[in-house]
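Enquirer: Need the 3D shape of this:
(4 chains)
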Protein chains: 2
Amino acid sequence: MSTSRSFHHGDLKTALADSAVRIVEQSGVETFSLREVARDAGVSSAAPYRHFSSKEALLAEVARRGFDQLHDELAEAGASSDRRSSFLTRCVAYIGFARRHPALYRLMFGAFPNKHRYDDLVEAGDRLFALLNDPLAASPSDKAARAIGCWAFVHGLAMLALDNQLRAHLPSEDDDSLLAVLQPLADTLMGTEPT
Amino acid sequence: MSTSRSFHHGDLKTALADSAVRIVEQSGVETFSLREVARDAGVSSAAPYRHFSSKEALLAEVARRGFDQLHDELAEAGASSDRRSSFLTRCVAYIGFARRHPALYRLMFGAFPNKHRYDDLVEAGDRLFALLNDPLAASPSDKAARAIGCWAFVHGLAMLALDNQLRAHLPSEDDDSLLAVLQPLADTLMGTEPT
DNA sequence: CTTTGGTGTAAACAGTGCTAACATATCGGA
DNA sequence: TCCGATATGTTAGCACTGTTTACACCAAAG
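Expert: Model prediction:
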């Protein structure tokens, strides 16, 4: 074994992606530079092009990782308990993720020209969507509409949280305040009676 | 009168903002360049700095205009009729705006490092929020929570629309499909009975 | 051992945000 | 009316960016 690490880096591709994630989370995507990633990984400016066809392709990989991570966190968060509280738990966890990784979250849902070229990214997004719909699966009739509504609501809430709009308009921004917003919607979305 | 237009441009500031809006809407914000704006306005690369302290400041002005325009369109859309249908009309109009001006809308809600420096921009956002809350004004009790929920929902829906997620998961993406998603939420948010 | 293909480098190109030094036009006051 | 101060434009340049091209090197297959 010993994946020989003399001249050839060994696994530069994942090293670059690791650096990229760290840099995006620290400094946001506006100032993100491929050359800085290369410096961070200790290689030349042209090296990344052996593994990613463009800066956008590297950012797509970063976003894909973000989707996977969010998916896994939500899967764990709402595993136990009944549908309704699973739904609420996941909503809170979702917004928590967006808050802990604001720049990454913005990248995930930001404008991706040519998004269709990165099918791994698209698939990761679809997996997340499917998981969010999970607690709504047994809801009555107009399933699609409720599913979309669910995601739209949580996503919009997360975005407003990132813009500090929640803090501006809610008494506090802890999980209880969030739940006060989420509760009535959950009842509607799931077709259950308020408890 | 006759704002003398020989050497000094006359009103370069608004001319630059006009060009910037057009360029953002056409090509998105990723490739947006101050120099292109300058070329488009027929001035040198350094001229914009007499009127905007940075590229970000010019983009802030573009975003501010977007907020004002959306505000005005919504104000007109839901002017007549009762609260409930006014709310629904405005939701549809809101998402319609996002779809007709995707890049501009993304800019408006995108990451704005140092957003606090552009108070005009912040105020324009606040005016929009106030207008969206208008139909909910007379709703019972937990007003703030419902108001936030309302905006979050519409905003999230608009974002998903821009990512083509609605087309992917809804039977069609006309206004009727949108209303199917919006209806049950509207009832919940406004504290009225479904009709 | 040799060849071949994958992976790194250095150098260059065009384009970028932004600044500094300079030029000109406009306007308020002597 | 002249005249300086100021606002608004220009040119030239810096440091940086994404990307490409030509080249160097190493690993493994034949």
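Enquirer: okay, and for chain A, where does confidence drop off?
Expert: Across chain A, the ranges flagged by pLDDT under 70 are A:1-8, A:136-143, A:163-164, A:189-195.
Enquirer: Distance check, A:D68 against B:A93.
Expert: Computed with Cβ to Cβ, to the nearest Å, the distance linking A:D68 and B:A93 is 36 Å. Placement of C-beta: from N, CA and C, glycine included.
Enquirer: How about A:S19?
Expert: A:S19 is 44 Å from B:A93, by Cβ to Cβ.
Enquirer: same question, A:R167
Expert: Noted for A:R167: a distance of 28 Å to B:A93, by Cβ to Cβ.
Enquirer: Can you pick out the residue with more neighbours from those two?
Expert: Per other Cβ atoms under 10 Å in any protein chain shown, whichever of A:R167 and B:A93 has more neighbours is B:A93, with 19 against 13.
Enquirer: Just the element for the more buried one, please.
Expert: Taking DSSP states H and E as the definition, one finds B:A93 inside helix B:83-100.
Enquirer: helices or strands up against that helix?
Expert: Judged by 3 or more Cβ pairs under 8 Å, 6 or more residues apart in numbering or on different chains; DSSP states H and E, helix B:83-100 is in contact with helix B:55-77, helix B:119-133, helix B:143-162, helix B:175-190.
Enquirer: May I see those organised as JSON lines, with distance to DNA strand D added?
Expert: Shown next, in JSON lines, are these (distance: least, Cβ to the nearest atom of the strand, whole Å):
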{"stretch": "helix B:55-77", "distance to DNA strand D": "13"}
{"stretch": "helix B:119-133", "distance to DNA strand D": "18"}
{"stretch": "helix B:143-162", "distance to DNA strand D": "22"}
{"stretch": "helix B:175-190", "distance to DNA strand D": "36"}
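Enquirer: picking that back up, what residues does the helix holding B:A93 touch?
Expert: B:69-70, B:73-74, B:77-81, B:105, B:131-132, B:134-136, B:138, B:150, B:154, B:157-159, B:161-162, B:175, B:178-179, B:182-183, B:186, B:189-190, B:192, B:195 (Cβ atoms under 8 Å, 6 or more residues apart in numbering or on different chains).
Enquirer: how's chain A carved up into domains?
Expert: A:7-52, A:63-190 (automatic domain parsing).
Enquirer: Any idea which of these gets closest to B:A47?
Expert: For the domains of chain A, proximity to B:A47 was assessed by Cβ to Cβ; domain A:7-52 is nearest, at 23.4 Å.
Enquirer: returning to what we had before: show me just the buried residues among the contacts of helix B:83-100.
Expert: B:69-70, B:73-74, B:77-78, B:105, B:131-132, B:134-136, B:150, B:154, B:157-159, B:161-162, B:175, B:178, B:182-183, B:186, B:189-190 (16 or more other Cβ atoms under 10 Å in any protein chain shown).
Enquirer: Same list, the residues you listed, but only the ones touching chain A.
Expert: On the criterion Cβ under 8 Å from any Cβ of the partner chain, B:154, B:157, B:159, B:162, B:182, B:189 are the entries of the buried ones among the contacts of helix B:83-100 that sit beside chain A.
Enquirer: list the contacts for the fifth one?
Expert: Just to be clear, that refers to B:L182. By Cβ under 8 Å, 6+ apart, the contact list for B:L182 reads A:149, B:88, B:91-92, B:157.
Enquirer: The second one now?
Expert: The neighbourhood of B:L157, defined by Cβ under 8 Å, 6+ apart, consists of A:148-149, A:152, A:156, B:91, B:95, B:166, B:178, B:181-182.
Enquirer: Now do it against B:D134, distance only.
Expert: With distances taken as Cβ to Cβ, B:L157 is found 19 Å from B:D134.
Enquirer: The third one now?
Expert: Counting by Cβ to Cβ, the separation of B:M159 from B:D134 is 22 Å.
Enquirer: measure A:S44 to A:H9 for me?
Expert: 11 Å.
Enquirer: what's the most buried one of the domains of chain A?
Expert: Each of the domains of chain A was scored by mean neighbour count; the highest is domain A:63-190, a mean of 19, by mean count of other Cβ atoms under 10 Å in any protein chain shown.
Enquirer: Quick check: end-to-end length of stretch A:158-171?
Expert: Start and end residues of stretch A:158-171 are separated by 17 Å (Cα to Cα, to the nearest Å).
Enquirer: And stretch A:73-81, by the same measure?
Expert: End-to-end distance of stretch A:73-81 (Cα to Cα): 16 Å.
Enquirer: about what we covered before: which two of the ones next to chain A among the buried ones among the contacts of helix B:83-100 have the greatest separation?
Expert: Comparing all pairs in those by Cβ to Cβ, the longest separation belongs to B:L162 and B:L189, at 22.5 Å.
Enquirer: secondary structure class for the nearest residue to A:A111 once chain neighbours are set aside?
Expert: Spatially, and ignoring its direct neighbours in sequence, A:A111 is nearest to B:R106 (5.0 Å; Cβ to Cβ, 6 or more residues apart in numbering or on different chains). Using DSSP: H, G, I helix; E, B strand; the rest coil, the structure places B:R106 in helix.
Enquirer: same question, A:F32
Expert: Look at A:F32: counting by three-state DSSP, its state is coil.
Enquirer: Now do it against DNA strand C, distance only.
Expert: Noted for A:F32: a distance of 14 Å to DNA strand C, by Cβ to the nearest atom of the strand, to the nearest Å.
Enquirer: show me what contacts that residue?
Expert: A:20, A:23-24, A:55, A:59.
Enquirer: If we use 7 Å, what do you get?
Expert: A:23-24 (Cβ atoms under 7 Å, 6 or more residues apart in numbering or on different chains).
Enquirer: Please state the backbone phi and psi of it?
Expert: Dihedral pair for A:F32: phi -60, psi 130, per degrees, to the nearest 10.
Enquirer: again, but for A:G28
Expert: Main-chain torsions, A:G28, degrees, to the nearest 10: phi 80, psi 180.
Enquirer: I'd guessed it sits against B:A111; true?
Expert: Yes - counting by Cβ atoms under 7 Å, B:A111 is a contact partner of A:G28 at 6.0 Å.
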